[in-house]
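Student: just a sequence and a predicted model for now, questions to come.
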Amino acid sequence: MKTQEIPRDEWIRFFDNLSRRQEGWQVTLEVFGPDIGDQIEERHMFLAGVAAEVSDKVDRGDKIEIMMGGKPSGHLTHMITAPIRVELQQTDLGLDSALQIRSADGTTSLLHLS
């Protein structure tokens with residue numbers, strides 16, 4: 001397994017491409033944090049897309065949204081504020097397996113791509 005850090009100036013393009021490749025894939029979203037521990041946020045949802053809003057200044061209003069759907073209860077958008085690091089994990093064959101996003105507050109969102 002290999003991990004690749006995605007530079008901040010490439011987030012918008014990276015997430016657009018990832019969303020096109022992975023749209024409709026079944027995903028599980030896990031959230032880790034100093035105050036909440038390790039929690040499964042959602043299981044068995046389908047990826048609708050991932051989008052980044054990047055401001056002109058580092059640490060000033062950046063956001064990443066993970067949009068999922070497919071349950072009878074509707075859609076869910078997981079908002080990550082003040083992201084500081086984005087990493088893509090891939091299998092040895094080069095297939096995307098997980099997306100890890102760390103926030104300035106120490107919270108990490110881990111999106112497992114099935």
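Tutor: Done, it's in.
Student: pLDDT weak spots in this protein?
Tutor: Within the chain, the segments meeting pLDDT under 70 span 57-60, 71-73.
Student: and the helices in it?
Tutor: Under the criterion DSSP state H, the chain contains helices at 11-22.
Student: scan it for its longest strand.
Tutor: Counting residues, the longest strand found in the chain (DSSP state E) is strand 37-53.
Student: send the alpha carbons of it over as CSV?
Tutor: The C-alpha atoms that make up strand 37-53 are tabulated as CSV, following Å, rounded to 0.1, in the frame of the first residue of the first chain:
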residue,chain,number,x,y,z
GLY,A,37,-12.2,9.1,19.7
ASP,A,38,-12.8,6.8,16.6
GLN,A,39,-16.3,6.8,15.2
ILE,A,40,-17.9,5.4,12.2
GLU,A,41,-19.9,8.3,10.7
GLU,A,42,-21.6,6.4,7.9
ARG,A,43,-21.5,3.0,6.3
HIS,A,44,-22.8,1.6,3.0
MET,A,45,-23.4,5.0,1.5
PHE,A,46,-22.5,5.8,-2.1
LEU,A,47,-20.1,8.6,-3.0
ALA,A,48,-21.8,11.5,-4.8
GLY,A,49,-18.6,13.6,-4.8
VAL,A,50,-15.9,15.4,-2.9
ALA,A,51,-15.3,19.2,-3.3
ALA,A,52,-12.8,21.7,-1.9
GLU,A,53,-13.1,25.4,-1.4
